[in-house]
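Asks: Just to be clear, the model below is a prediction. Sequence and coordinates:
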Amino acid sequence: MSSSVDNRRADNGSRGNNGPDMRRVLFRETHSSRAAVSVAAAVLVLVLAAYGVLESGVHAVGQPAWLIEPQVAAQRIVDLPAGIPPLLLAAIGGVLAMLGLIFLLNGLLPGKRARHLLAGGGGEGLPAVVVDDEVIASSLARRARLAANVTPEQVMVVVSQRQVLVNVRPTSGIPVDQDRVLDAVRDELDHMLLEPSPVPRVIVAPSGVIGA
């Protein structure tokens, strides 16, 4: 009887350990995948390698090349930039540099999505909540609009990983208290408990709009 109980406890413990890793799940939800770029690079290398093997095989059996002989291609590469118009050479160099920059930036940049994690999310026994920056911006715009006493069209909020930028266009003849709007935005951010916590900044336009 005791052995069967121990086996059930062991099974339950192994199931708990085999559950989803919330840290990995949250990382995938807040960071963009590099799979597309990796697959594109792998396919490009595979196509070039397959073509090189094909041309080498055709040359080995004495058949004419499909596009260009391997020795001729290697010699033309060595002789660059001879034989190629400067404009075409610049265009090819620009394309290769752009592709290299894309692969380099995808490898170095963190690739974070426009999302924030609520503080405490993913902890033991707590649900993990990921919020889009558009939702955060909408909530902050509402608080800023109420604090500035303007219409929704007069407030624009941009949310990034480390900063919240609130642009307010006041109504002509009615000044806007910038500190009051900033306090309202900070209070809303304090209630959201975002990770990472962005720093709010309020900009009031010097020119106002005509009220309806």
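Replies: All right, it came through fine.

Asks: Past the longest helix seen in the chain, which element shows up next along the chain?
Replies: If you go by DSSP state H, the chain has its longest helix at helix 35-60. Later in the chain than helix 35-60, the nearest helix or strand by DSSP states H and E is helix 70-78.

Asks: Pull the residues that contact that following helix.
Replies: Among residues not part of helix 70-78, those counted as contacts by CB atoms under 8 Å, 6 or more residues apart in numbering are 52, 55-56, 59, 65, 83. Backbone N, C-alpha and C define where each C-beta goes, glycine included.

Asks: repeat that with 7 Å
Replies: With CB atoms under 7 Å, 6 or more residues apart in numbering as the test, helix 70-78 has contacts from 55-56, 59, 83.

Asks: how far is it from where the chain is centred?
Replies: Taking CA atoms, centre = their mean, to the nearest Å, the mean C-alpha location of helix 70-78 is offset from the chain mean by 40 Å.

Asks: quick one, it and helix 35-60 angle?
Replies: Here helix 70-78 points in a direction 120 degrees away from that of helix 35-60 (axes from the mean of the first three to the mean of the last three CA atoms, to 10 degrees).

Asks: What average pLDDT does helix 70-78 get?
Replies: This predicted structure assigns helix 70-78 an average pLDDT of 75.

Asks: can you check stretch 49-64 too?
Replies: Per-residue pLDDT over stretch 49-64 has a mean of 81.

Asks: Please point out which parts of that stretch sit buried.
Replies: Burial within stretch 49-64, assessed by neighbour count using 16 or more other CB atoms under 10 Å, is assigned to Glu55.

Asks: Now do that stretch: everything it contacts.
Replies: Residues outside stretch 49-64 that contact it (CB under 7 Å, 6+ apart) are 65-66, 69-70.
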